[in-house]
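**Q** Need a 3D model of the sequence below.
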Amino acid sequence: MAHPTQLGFQDAASPVMEELLHFHGHALMIVFLISALVLYVIIAMVSTKLTNMYILDSQEIGIVWTVLPALILILIALPSLRILYLMDEINGPHLTIKAMGHQWYWSYEYTDYGNLSFGSYMIPTQDLTPGQFRLLETDHRMVVPMESPIRILVSAGDVLHSWALPAMGVKMDAVPGRLNQTAFIASRPGVFYGQCSEICGANHSFMPIVVEAVPLSHFENWSALMLKDA
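**A** So this is what the prediction gives:
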């Protein structure tokens with residue numbers, strides 16, 4: 001999860017988020033180089049005779065400021081298209097979970113496990129135990145097996161919501177009457193926090209998302225207990 005005074009993204013917990021972090025660094029370096037070049041040109045124009053009309057109107061300068069932006073766009077577009085393809089590709093998911101947004105909580109249905117479904121409500125501040133996080137903890141976590149492709153079907157029962165989990169690199173809008181899908185692979189065990197990222201009403205900030213990634217054997221034990229209590 002995010003920490004106070006933290007700069008940058010949360011630690012990646014999925015292959016897609018790792019790719020997004022690498023692309024962020026790649027794009028940031030390009031922006032830095034462009035800024036340095038523009039600053040150099042401005043300083044040169046102020047302190048030298050670079051403003052000479054024969055230099056500014058030369059064919060060479062015209063070629064440079066036409067070709068250079070095109071190369072920069074290619075350097076940004078190619079890796080971003082690759083990541084978009086990786087995020088859109090969903091092949092043979094091991095588990096499918098349907099996430100429904102409501103005012104103001106999430107409900108989850110494990111479609112591969114019969115009647116395994118539950119609501120996930122935020123724990124009020126006065127009910128938190130030591131070590132839990134305010135406005136982020138829920139009474140029921142979405143438990144998933146790690147290192148397995150998980151498909152999330154996202155929809156809403158009332159208004160627009162958005163299922164967002166930063167550590168996994170996932171953000172999908174929940175639209176009433178529409179079924180969107182996304183996927184992720186938890187590359188390590190842990191508890192990962194997210195929140196609704198669409199302004200959905202007065203209690204928009206009180207519908208957190210908690211995903212717990214566990215080994216497959218632990219997940220099977222958890223699902224058996226949940227089905228037994230259902």
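**Q** Show me how this structure divides into domains.
**A** The record assigns the chain these domain ranges, following automatic domain parsing: 15-88, 95-229.
**Q** Which is the succeeding secondary structure element to the helix or strand bottoming out on mean pLDDT in the chain?
**A** For the chain, using mean pLDDT, DSSP states H and E, the weakest element among its helices and strands is helix 53-56, scoring a mean of 57. The helix or strand immediately downstream of helix 53-56 is helix 59-88, counting by DSSP states H and E.
**Q** how about that following helix: buried residues?
**A** Using 16 or more other Cβ atoms under 10 Å as the test for burial, helix 59-88 gives residue 87. In short, each C-beta sits where N, CA and C put it, glycine included.
**Q** Check stretch 215-226 too.
**A** For stretch 215-226, by 16+ other Cβ under 10 Å, it's 219, 222, 223, 226.
**Q** Packing partners of whatever helix or strand the first one lives in?
**A** Just to be clear, that refers to residue 219. In this assignment (DSSP H and E), residue 219 forms part of helix 216-229. Packing contacts for helix 216-229, counted by 3 or more Cβ pairs under 8 Å, 6 or more residues apart in numbering; DSSP states H and E, involve strand 142-145.
**Q** Kindly recompute the last result at 10 Å.
**A** Applying 3 or more Cβ pairs under 10 Å, 6 or more residues apart in numbering; DSSP states H and E, one finds that helix 216-229 contacts strand 105-110, strand 117-120, strand 142-145, strand 208-214.
**Q** Give me the mean pLDDT for the longest one.
**A** Here strand 208-214 scores 96 as its mean pLDDT.
**Q** any idea how far residue 91 is from residue 158?
**A** Computed as Cβ to Cβ, to the nearest Å, the residue 158 to residue 91 distance reads 32 Å.
**Q** neighbour count winner among these two?
**A** Of the pair residue 158 and residue 91, residue 158 is the one with more neighbours under other Cβ atoms under 10 Å, namely 14 against 7.
**Q** my guess is the more buried one contacts residue 201, does it?
**A** Yes - contact criterion Cβ atoms under 10 Å: residue 158 and residue 201 qualify, at 8.6 Å.
**Q** which neighbours do the two share?
**A** Counting by Cβ atoms under 10 Å, 6 or more residues apart in numbering, the common neighbours of residue 158 and residue 201 are 103, 104.
**Q** circling back: any idea of the angle the helix holding residue 219 forms with strand 105-110?
**A** On the basis of axes from the mean of the first three to the mean of the last three Cα atoms, to 10 degrees, helix 216-229 is oriented at 100 degrees to strand 105-110.
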